[in-house]
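In: sequence-free structure coming up:
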């Protein structure tokens, strides 16, 4: 896509910039390189403890936040509502009436989102956006739907996980979208089965991806020599779904075999009351692993990269994982990975070829897979090299950016 003037679009990410948002930052850069001007817009700022990236401050300064609205944003939303007129108001009310939201309170909440949709439409008019791409199928999708019903602003959605993770009203969210993107074949099949008859005409498959220029080693990978500490690394928010407790239990099994294994986990607790971090701390103490497990909290991408380069293997024990950017990052760094075969991970990792797959909730399998890497340095090295090739071929951030750019081009008539 080459234009004298870049095509302006809204690039809508809830609670941006959060600890798992490095992919969006990479994709935005790729979109800019393809001739778009993706202006950042978000629902509201994330909790400060979840903000960690080196680019977070500058990203926040560039982002338009819809809540809490400024006086100018309120005025713009009111003007947009008046401009829309009774016909558009009735369209919004029909969408609320047809939503599969349970109870009066939920419908009143949707009514409140109509105003936020007007705010988004006003922002689009002011900034000259031709389209809005939404990296969520939850309330941000509702907001974009109402913006379309009020102003005609087109929007698209990327589905990053199961529909059940994003709440109700999916039929209205999707049938009003111009196109959709899904990150795995499995999710795409589930979406098409669940929402048959309510989907936009274009649904594309585009995995998340990484920046290979950044994720490059400064020295060749060296497997564990059999002496000294074995360094394992994991990366993912501290949430039960990531299965970090199983990784900790696997570490204990390795240490029982006389292996001086250490596990470093990057990621902040996003559970209410920091309950999962507390559980992990208790488990670490109970298993006698104090000093052997290191919880880094939310860290910048350069810290993650450095940990990947100094480690002997990557492990992620997720109970369900739509795809796994953290896994891609490890593979891009030529690090052998031991990960669970949940969700879309088998679309990324081929067992025994570019990584090792284990069952969820099985610390014994994790320990056994890691043991196979320790006993066979050639296997560890070959898996890491194959992992880098896999990511370079199919899982870089330019893949999804190109699909978004092409779909927006088709909508706006620009090439």
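Out: Perfect, I can see it now. Since this is a predicted model, take the numbers as computed values, not measurements. Numbers count the residues shown, from 1 in each chain.
In: wait, what's in contact with residue 7?
Out: 1, 35, 36, 37, 130, 131, 408, 409, 412, 414 (Cβ atoms under 8 Å, 6 or more residues apart in numbering). No exception for glycine: its C-beta is placed from N, CA and C like everyone else's.
In: Is it correct that residue 99 is in contact with residue 109?
Out: No. Assessed by Cβ atoms under 8 Å, residue 99 is found out of contact with residue 109, at 10.3 Å.
In: Quick check: the gap between residue 97 and residue 240.
Out: Between residue 97 and residue 240 the distance is 37 Å, computed by Cβ to Cβ, to the nearest Å.
In: how's this protein carved up into domains?
Out: As assigned by automatic domain parsing, the chain contains the domains 7-208+397-412, 230-394.
In: tell me the mean pLDDT over the first one?
Out: Translated: domain 7-208+397-412. Throughout domain 7-208+397-412, pLDDT has a mean value of 96.
In: that's a strand at residue 8, yeah?
Out: Yes. Residue 8: assigned to a strand according to DSSP: H, G, I helix; E, B strand; the rest coil.
In: What residues does it make contact with?
Out: Neighbours of residue 8 in contact, by Cβ under 8 Å, 6+ apart: 36, 37, 39, 127, 128, 129, 130.
In: what's across from the third one in the sheet?
Out: Beta-bridge partners of residue 39, counted by DSSP bridges, are residue 10.
In: measure it to residue 202 for me?
Out: Distance from residue 39 to residue 202, by Cβ to Cβ: 23 Å.
In: Looking at these two, which is more packed in?
Out: Each of residue 39 and residue 202 has its neighbours counted (other Cβ atoms under 10 Å); residue 39 has more, 20 against 15.
In: Would you map the strands across the stretch 201-350 of the chain?
Out: 203-205, 230-235, 261-266, 293-297, 313-316, 337-340 (DSSP state E, counting those that start in this stretch).
In: For the shortest one, which strands pair with it and how are they oriented?
Out: Under the criterion DSSP bridges, strand 203-205 sits next to strand 179-182 (parallel) in its sheet.
In: Please apply the same query to the last one.
Out: Counting by DSSP bridges, the strands paired with strand 337-340 are strand 313-316 (parallel), strand 356-358 (parallel).
In: show me where the stretch 301-415 of the chain has helices.
Out: 301-310, 325-332, 363-375, 377-394, 398-412 (DSSP state H, counting those that start in this stretch).
In: Adding mean neighbour count and distance to residue 118 as columns, could you present those in TSV?
Out: Formatted as TSV, the helices of the stretch 301-415 of the chain follow (neighbours: other Cβ atoms under 10 Å; distance: least, Cβ to Cβ, whole Å):
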stretch	mean neighbour count	distance to residue 118
helix 301-310	17	36
helix 325-332	28	34
helix 363-375	19	50
helix 377-394	18	40
helix 398-412	19	22
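In: Figure out which of those is closest to residue 144.
Out: In terms of Cβ to Cβ, the element of the helices of the stretch 301-415 of the chain nearest to residue 144 is helix 398-412, at 14.1 Å.
In: so the closest one versus helix 377-394, what angle?
Out: Angle, helix 398-412 to helix 377-394, by axes from the mean of the first three to the mean of the last three Cα atoms, to 10 degrees: 10 degrees.
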